[in-house]
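Visitor: Would you be able to build a 3D model of this:
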Amino acid sequence: MTDESPLSQAQAAFAEKLPFQSLDTETCSLQASLGYIAAADINAPMASPPYSRAIVEGFLVNTAETRGADENSPVTFSINGEINPGDETSQTPQNGQGIQVATGSIIADGELSIVRMWEVKQDGDKFSISRPFPPRFFIEEKGCDIAEASMIVAAGTQITAEHIGTLASMGINEVTVMKKPVVTVFASGDEVLAHTDSFKPGYIYDCNTPMLSAAVNAEGGEAIAGGIQSDDFDAFVATVKTALNNSDMIVISGGTAVGGRDFISDLLREVGELVVDGVPMRSGRPLIMGVADGKPIICVAGHPPEAMRGFKLFGVLAMNYLSGKSKTLPVDTVQQNQ
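Guide: Numbers count the residues shown, from 1 in each chain. The predicted structure follows:
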């Protein structure tokens, strides 16, 4: 069933105006790719494991020769060589012979089995077994974890430490990623004071810029502090226009209404297109969204908890679209938990 809530309708209306995967791409080293969004599917250039290998220590034998073994009629083999980890090729045991292997030893194709050390009775250069063994017993097959040419990281995936480990296991050292969206974060209001300044009566510290900048960075963006803007409409418009030249997205907290004027709504009309002019939900009036030349502008409340809520609902949505990460609409966890 489609969610027809006012919030989801507002998110959908905003999303329709956003370009998907519009950021430029770049190539970076594997180690530097953490947190970036994969720009294209990454396929495995090789299988993992890259060859069939032993996963225990023991003796490699022909499976057929073990089938009649039991306690009353043990089958004896002579030890004929060994395959060590790092050997580039594998031997195949001849009839009546077993080859000593270690964990990681390369194993040839065919109906072969590994008899574990503690399941044999060894006497010099011979050993005997007292039970049959299934084919490929304790042999890890080539490609059982990752098949060659299979997709290992999908386009739009945010690269994690686990992905880096997988890619390194494939010998991959460079990754094509989406550039991080550059997001300029503004606070608004004549009464707002930078948190690094000395406190003044009648003012409030700006905690939204550091908080929202941290949220942008945590979502894989690159935040730029745009500063605290006074309630001067023309000056604010000029500042936002300049920021749009140097940013992929704008976030503004506070300033929804000044002196009875729909300050931020008018600002968005001046610099671009007003898409969402408030949402009919609790604390939804300050949620104002627009787009200027394909660049999202997200305006949230000045009250810090609501500012963060608005960013999670609309800012994360916009960043996901720009980077090609997801078209899924974020859920309002605050409302769900009430």
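Visitor: Which residue ranges of the stretch 51-200 of the chain form strands?
Guide: 53-54, 58-62, 75-83, 97-101, 112-116, 121-123, 126-129, 139-140, 151-153, 174-178, 182-188, 192-194 (DSSP state E, counting those that start in this stretch).
Visitor: Tell me which other helices or strands the longest one touches.
Guide: Okay, so that is strand 75-83. When contacts are defined as 3 or more CB pairs under 8 Å, 6 or more residues apart in numbering; DSSP states H and E, strand 75-83 sits against strand 58-62, strand 97-101, strand 126-129. From N, CA and C alone the C-beta is placed, and that goes for glycine too.
Visitor: if we can go back for a sec, closest one to residue 247 among the strands of the stretch 51-200 of the chain?
Guide: Among those, strand 182-188 comes nearest to residue 247, with 4.3 Å by CB to CB.
Visitor: Tell me how far the closest one lies from the chain's centre.
Guide: Strand 182-188 sits 25 Å away from the centroid of its parent chain (CA atoms, centre = their mean, to the nearest Å).
Visitor: who's in contact with residue 209?
Guide: 185, 186, 187, 225, 226, 228, 253 (CB atoms under 8 Å, 6 or more residues apart in numbering).
Visitor: about what we covered before: in a markdown table, list the helices and strands packed on strand 75-83 along with mean pLDDT and mean neighbour count.
Guide: A markdown table is the format used below for these (pLDDT from 0 to 100; neighbours: other CB atoms under 10 Å):
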| stretch | mean pLDDT | mean neighbour count |
| --- | --- | --- |
| strand 58-62 | 98 | 24 |
| strand 97-101 | 98 | 23 |
| strand 126-129 | 98 | 18 |
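Visitor: Let's have those strands in CSV, adding distance to residue 6.
Guide: Shown next, in CSV, are the helices and strands packed on strand 75-83 (distance: least, CB to CB, whole Å):
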stretch, distance to residue 6
strand 58-62, 66
strand 97-101, 66
strand 126-129, 73
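Visitor: Could you export the strands of the stretch 51-200 of the chain as CSV, including distance to residue 15?
Guide: Shown next, in CSV, are the strands of the stretch 51-200 of the chain (distance: least, CB to CB, whole Å):
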stretch, distance to residue 15
strand 53-54, 48
strand 58-62, 58
strand 75-83, 57
strand 97-101, 57
strand 112-116, 55
strand 121-123, 69
strand 126-129, 65
strand 139-140, 45
strand 151-153, 25
strand 174-178, 18
strand 182-188, 17
strand 192-194, 30
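Visitor: Specify the beta-bridge partners of residue 158.
Guide: Residue 158 has these beta-bridge partners by DSSP bridges: residue 37.
Visitor: so where's the chain shaky on pLDDT?
Guide: 1-3, 256-261, 335-338 (pLDDT under 70).
Visitor: Report all helices and strands that the lengthiest helix in it contacts.
Guide: Scanning the chain for the longest helix, with DSSP state H as the assignment, gives helix 233-246. The helices and strands touching helix 233-246, judged by 3+ CB pairs under 8 Å, 6+ apart, are strand 182-188, strand 222-229, strand 249-253, helix 263-271.
Visitor: Now do the longest one against helix 233-246: the angle between them, please.
Guide: With axes from the mean of the first three to the mean of the last three CA atoms, to 10 degrees as the criterion, the two stretches helix 263-271 and helix 233-246 enclose an angle of 60 degrees.
Visitor: CA atoms only: put helix 263-271 into CSV for me.
Guide: Output in CSV follows, covering the C-alpha atoms of helix 263-271 (Å, rounded to 0.1, in the frame of the first residue of the first chain):
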residue,chain,number,x,y,z
PHE,A,263,11.4,34.8,4.8
ILE,A,264,12.9,31.4,3.7
SER,A,265,10.0,30.6,1.3
ASP,A,266,10.6,34.0,-0.5
LEU,A,267,14.4,33.3,-0.5
LEU,A,268,13.9,30.0,-2.3
ARG,A,269,11.6,31.6,-4.9
GLU,A,270,14.3,34.2,-5.4
VAL,A,271,17.2,31.8,-6.0
